[in-house]
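J.: the following block contains a protein sequence and its predicted model.
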Amino acid sequence: TTQLSFTNTTSINSPAVFNVTSYLSPNSATCFGNQSTAVTTGCTYPAYNVSYINNGGKRTAYAAYMQGEYHLSDPLSVVLGIRYSSERKYDYYGSNSTLAQTGLPLSLDPTLHTLPISDFLPNGRPLIYRADPYKNSNWAPRVGINFKANDDVLLYAFWQRAFKSGGFNANAADLAAFRTPYGPQTVDNFEGGMKAEFFDHKLRVNLSGFYGKYNGLQRSQVTASNTAPSGVTTVTSNTADLKSYGLELEIAAKPTKDLTLFVNGAWNKAYYTRYCADLNGAEASSTPTLAPALAVCGPITTVVSSTGATTYLVPQDYSANRPLRAPRWDITAGFTQNVTIGTGTLSLTGSMNYRSSVDTDLLNRLYSFRPAMTVFDATIKWAPDNGDYSISLWGRNLTNQIQVLGYTPVGNTFAFASPTPPRQYGVAMNVNF
């Protein structure tokens with residue numbers, strides 16, 4: 001991950017444009033301002049701290065899965081499986097500095113503004129971060145039962161444990177956060193349902209119910225740091241648990257040889273059973289003021305910044321918040337109509353997806369709320385009978401529905417936000433060899 005940041009440390013309004021190309025060239029940067037040249041930045045705008053973050057690392061992962069099925073009788077069988085996963089993350093490094101601190105020319109490429117002979121600058125602030133290797137291993141079992149009522153109907157139920165490895169806060173600009181790994185998260189998933197075909201395979205129906213229990217969810221929180229000037233930093237940690245249950249239905253029908261209709265629907269109820277964290281950051285009082293209605297759920301931490309200011313981290317109960325991107329309803333319906341034309345087939349596919357509202361921010365802030373969306377897609381494809389190639393004209397989100405995709409505030413100053421994909425269309429050609 002590489003990031004070049006320009007932070008205005010004064011109350012003067014920021015320039016509309018920062019010419020990065022000029023900055024990276026042998027000439028000094030131009031900030032398009034009318035102030036005198038700032039020595040710390042080499043540009044014609046004062047009090048800009050130009051910082052460079054360059055983080056990365058390596059990962060080695062191995063996995064193996066084994067499954068067997070034993071028939072207790074002709075229609076009834078037991079399924080046993082197990083998956084082993086091992087992941088090692090190593091050689092992680094991070095570089096975070098204000099370029100002027102390195103003593104190198106400001107016109108030099110920011111990637112060269114490092115001091116590899118030491119982890120710290122002379123003033124004690126870290127420049128090069130390193131972290132010890134971190135390894136996760138896990139055995140994930142699966143136990144299930146199948147009952148084949150007849151050749152076209154299968155009933156099943158199973159329990160399975162899944163695993164997501166831990167890791168580093170590799171994008172952190174703080175040494176303590178970078179070197180503190182977060183642990184793995186697991187889920188125990190219970191599912192039962194039916195897979196069936198009717199009317200001489202013209203109708204397929206898959207129905208399932210599920211219940212999932214997530215432990216140690218990897219979520220962000222603000223925590224104390226003895227290496228951050230403010231005394232606090234934001235990290236990923238295993239600070240929440242969650243339960244989710246619901247139903248899924250898939251129906252595909254073929255009323256004629258050339259027409260296929262399909263509907264896929266899911267209803268899901270997800271909620272936190274534990275989420276105790278400080279998400280608002282350090283406050284001036286040990287009594288929460290930013291979210292006073294939420295109960296305090298853990299010990300309060302006193303934080304002293306590098307300037308001597310005292311603030312408090314107060315963990316609060318966010319278990320009533322909506323989990324991230326967990327819609328209650330997700331429904332897709334559509335059709336495919338094939339038409340024979342000469343020595344080929346013209347296929348017309350149309351689909352509609354409805355997804356109910358979601359929150360894209362842990363705090364469920366107003367700007368993170370995405371209302372229900374309905375998106376229409378369509379494709380026209382032609383392929384010859386021999387199947388050697390196909391040509392498609394496609395369009396997605398035809399009505400150009402645009403809402404928030406992600407929203408991440410940074411302190412009280414700004415936020416990263418991204419939209420859902422807009423209307424898109426294009427032409428594709430596939431060739432089969």
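T.: Looks like it came in fine. Every value quoted in this text rests on a predicted model; they were computed, and no experiment measured them.

J.: contact partners for residue 311?
T.: Each residue near residue 311 by Cβ atoms under 8 Å, 6 or more residues apart in numbering is listed here: 231-232, 282-284, 302-303, 305. From N, CA and C alone the C-beta is placed, and that goes for glycine too.

J.: do you know how far residue 353 is from residue 141?
T.: In this structure, residue 353 and residue 141 are 34 Å apart, going by Cβ to Cβ, to the nearest Å.

J.: so which of those two has more stuff around it?
T.: Taking neighbours as other Cβ atoms under 10 Å, residue 353 and residue 141 compare with residue 353 leading, 16 against 11.

J.: assign the more buried one to helix, strand or coil.
T.: Here residue 353 is recorded as strand under DSSP: H, G, I helix; E, B strand; the rest coil.

J.: against residue 398, how distant is it?
T.: Using Cβ to Cβ, residue 353 is found at 12 Å from residue 398.

J.: shared neighbours, these two?
T.: What both residue 353 and residue 398 touch, as defined by Cβ under 8 Å, 6+ apart, is the set residue 377.

J.: wouldn't residue 354 be in contact with residue 401 here?
T.: No. Contact between residue 354 and residue 401 fails when scored by Cβ atoms under 8 Å: they sit 10.8 Å apart.

J.: list the residues that contact both of those two?
T.: Contacts common to residue 354 and residue 401, judged by Cβ under 8 Å, 6+ apart, are 373-374.

J.: what about stretch 339-348, start to end distance?
T.: This stretch, stretch 339-348, spans 8 Å end to end (Cα to Cα, to the nearest Å).

J.: all strands for the stretch 301-433 of the chain, in order.
T.: 301-304, 310-313, 316-317, 329-341, 344-355, 358-359, 369-370, 373-384, 389-396, 404-410, 414-419, 424-431 (DSSP state E, counting those that start in this stretch).

J.: tell me the helix or strand right after the helix or strand hosting residue 235.
T.: Here residue 235, judged by DSSP states H and E, is contained in strand 232-256. Sequence-wise, the next helix or strand downstream of strand 232-256 (DSSP H and E) is strand 259-277.

J.: give me the buried positions along that next one.
T.: Neighbour-count burial for strand 259-277, with 16 or more other Cβ atoms under 10 Å as criterion, is recorded at 260, 262, 264, 266-268, 270, 272, 274-277.

J.: please apply the same query to stretch 150-162.
T.: Buried, per 16+ other Cβ under 10 Å, within stretch 150-162: 154-158, 160-162.

J.: what sits up against stretch 395-407?
T.: Contact partners of stretch 395-407, identified using Cβ under 8 Å, 6+ apart, comprise 360-361, 365, 367-371, 373-379, 415-425.

J.: if we can go back for a sec, residue 87: which of the contacts of residue 311 is nearest?
T.: residue 232 (29.2 Å; Cβ to Cβ).

J.: which ones are touching the closest residue to the closest one other than its chain neighbours?
T.: The shortest distance from residue 232 to any non-neighbouring residue, by Cβ to Cβ, 6 or more residues apart in numbering, is to residue 282 (4.9 Å). If you count contacts by Cβ under 8 Å, 6+ apart, residue 282 has them with 222, 230-232, 303, 311-313.

J.: same list (those residues) but as TSV, adding pLDDT.
T.: Output for the contacts of residue 282, formatted as TSV (pLDDT from 0 to 100):
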residue	pLDDT
222	90
230	82
231	87
232	88
303	92
311	93
312	94
313	94
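
J.: now, which of those sits nearest residue 248?
T.: The closest of those to residue 248 turns out to be residue 222 (Cβ to Cβ; 36.4 Å).

J.: that closest one against residue 234, yeah?
T.: Yes. In this structure residue 222 lies within contact range of residue 234 using Cβ under 8 Å: 5.4 Å.

J.: what are the boundaries of the helices in the protein?
T.: Per DSSP state H, the chain carries helices over the ranges 20-24, 175-179.

J.: show me the contact partners of the last one.
T.: Outside helix 175-179, the residues that touch it by Cβ under 8 Å, 6+ apart are 55, 92, 94, 126, 129-132, 168-170, 172, 223, 225-228, 233-235.

J.: so which of the buried residues of strand 259-277 comes closest to residue 339?
T.: For the buried residues of strand 259-277, the residue nearest residue 339 by Cβ to Cβ is residue 260; the value is 13.1 Å.

J.: the closest one against residue 253, yeah?
T.: Yes. With contacts counted by Cβ under 8 Å, residue 260 reaches residue 253, the gap being 7.3 Å.

J.: so, low pLDDT: which residues of the stretch 1-150 of the chain?
T.: The stretch 1-150 of the chain contains residues with pLDDT under 70 at 1-54, 95-129.

J.: ok so, going back, can you select the buried ones among the contacts of stretch 395-407 for me in PyMOL?
T.: A single PyMOL command selects the buried members of those (16+ other Cβ under 10 Å):
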select buried, resi 360+361+368+369+370+373+375+376+377+378+379
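
J.: now do residue 308, the pLDDT please.
T.: Looking at residue 308, its pLDDT stands at 88.

J.: quick check: the closest residue to residue 378 other than its chain neighbours vs residue 336, distance?
T.: Nearest residue to residue 378 in three dimensions, chain neighbours excluded: residue 350, at 4.8 Å (Cβ to Cβ, 6+ apart). If you measure residue 350 against residue 336 using Cβ to Cβ, the figure is 8 Å.

J.: repeat for residue 275
T.: Noted for residue 275: a distance of 43 Å to residue 336, by Cβ to Cβ.
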